[in-house]
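1. predicted model and sequence below, questions to follow.
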Amino acid sequence: MEGKGKVNGVAAMAACYQGFDPAAYLQYNYTPPRADFERKDSIVPWKLACLHRAFTEGDVRGELLVDIGSGPTLYQVLSGCEVFNKVLLTDFLEVNRQELRGWLEDEGGCNLDWTPYLQHVCKLEGRRPSAWTEKAAKLRQVITDIVPVDVHRPQPLALYALPSEGADCLVSCFCLESVSPDLAAFTRALGHIGRLLRTGGHLLLIGALGESYYFGGPGVRIPVVPLNEAQVCASLKESGYTLIRLEVYTLPQDMRVGVDDVSGVFFVKAIKE
Ligand SMILES: Nc1ncnc2c1ncn2[C@@H]1O[C@@H](CSCCNC[C@@H]2Cc3ccc([N+](=O)[O-])cc3CN2)[C@@H](O)[C@H]1O
């Protein structure tokens, strides 16, 4: 029965995503108050600070960075694009891959202005904010492709997408817990993406704590497996990672804007054994 349940749960999740609306999703999560660069307690600056530190503290290096479940967002690779020569973006939905291509082709075909994000990360790097145009050019230069991914497959990416030695670093933000019907599926998905990573490679994982649903568009209610810190740590260990650092952000009341019931956000830096 477990096998049958597994297939139905994953298939049901895929059906939920057919209504996903990138523009609405960006509006819900990537504009103020959740993305307010003037507020020290806003969520996006916290995420960008975690990623900046993780990419620049000296242990993360190599050729290829892969972002698993990019969605319609780019913030997750704004620091990594200065460290890796190749960045691969991935998502399950064509609408999201199209949204990312829209930014890449720089013809105004995207639903969010990433300039404040680029400027903020330049500031974290000690550069003048006006260097954002150079960062944008760098990002467009290092993104090699935007490809389909399914974390429930033992091989989440097409074999042509990766060199045989695998990726040197994986980043994945708010994806696994939002596409897994239960904790076992979340843990399996962690293992599947781990197979894309070379031994000794790093995983940078951001996710929601205590989230049971979110809106992926008007009226598009998508179930999420609610996680706590202990479950995240146990799943990482079970999937062959060694935890380097776990940081947690607890949402202030005014960050709870009705688009989900998330109570906290975790940031994990781990290494694949
Ligand atoms: N089988 C699959 N494999 C890989 N990716 C898949 C699969 N199915 C769907 N996808 C892909 O994964 C999805 C990634 S977006 C998932 C949204 N996660 C929840 C949402 C996000 C969020 C953001 C910010 C904050 N905050 O506090 O600032 C809180 C929250 C909590 N709510 C989507 O791109 C889909 O296209």
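-> Good, I have the coordinates. Numbers count the residues shown, from 1 in each chain.
2. V142 and L89 touch, don't they?
-> No - taking contacts as C-beta atoms under 8 Å, V142 lies outside contact range of L89: 10.6 Å. Backbone N, C-alpha and C define where each C-beta goes, glycine included.
3. contact partners for the closest residue to Q231 other than its chain neighbours?
-> Nearest residue to Q231, sequence neighbours excluded (C-beta to C-beta, 6 or more residues apart in numbering): L183, at 6.1 Å. Neighbour list for L183: V225, L227, Q231, S235 [criterion: C-beta atoms under 8 Å, 6 or more residues apart in numbering].
4. check the residues you listed one by one and keep those near the ligand.
-> Filtering the contacts of L183 for proximity to the ligand (criterion: C-beta under 6 Å from any ligand atom) leaves nothing.
5. quick one on the thing from earlier: I'd like to know how far the residue nearest to Q231 sits from the ligand.
-> Using C-beta to the nearest ligand atom, to the nearest Å, L183 is found at 16 Å from the ligand.
6. list phi and psi for that residue.
-> Dihedral angles of L183 (phi, psi; degrees, to the nearest 10) stand at phi -60, psi -40.
7. now do the helices in the stretch 101-250 of the chain.
-> For the stretch 101-250 of the chain, helices defined by DSSP state H, counting those that start in this stretch occupy the ranges 115-124, 132-142, 176-179, 183-194, 229-238.
8. CA atoms only for the first one - export them in CSV, please.
-> Written as CSV, here are the backbone C-alpha positions of helix 115-124 (Å, rounded to 0.1, in the frame of the first residue of the first chain):
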residue,chain,number,x,y,z
THR,A,115,17.0,45.4,-9.2
PRO,A,116,16.6,46.0,-5.4
TYR,A,117,17.7,42.4,-4.9
LEU,A,118,20.8,42.9,-7.0
GLN,A,119,21.6,46.2,-5.3
HIS,A,120,21.1,44.6,-1.8
VAL,A,121,23.5,41.7,-2.6
CYS,A,122,26.1,44.2,-4.0
LYS,A,123,25.9,46.0,-0.7
LEU,A,124,26.5,42.7,1.2
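9. what about that helix, average pLDDT?
-> Across helix 115-124, pLDDT averages out at 97.
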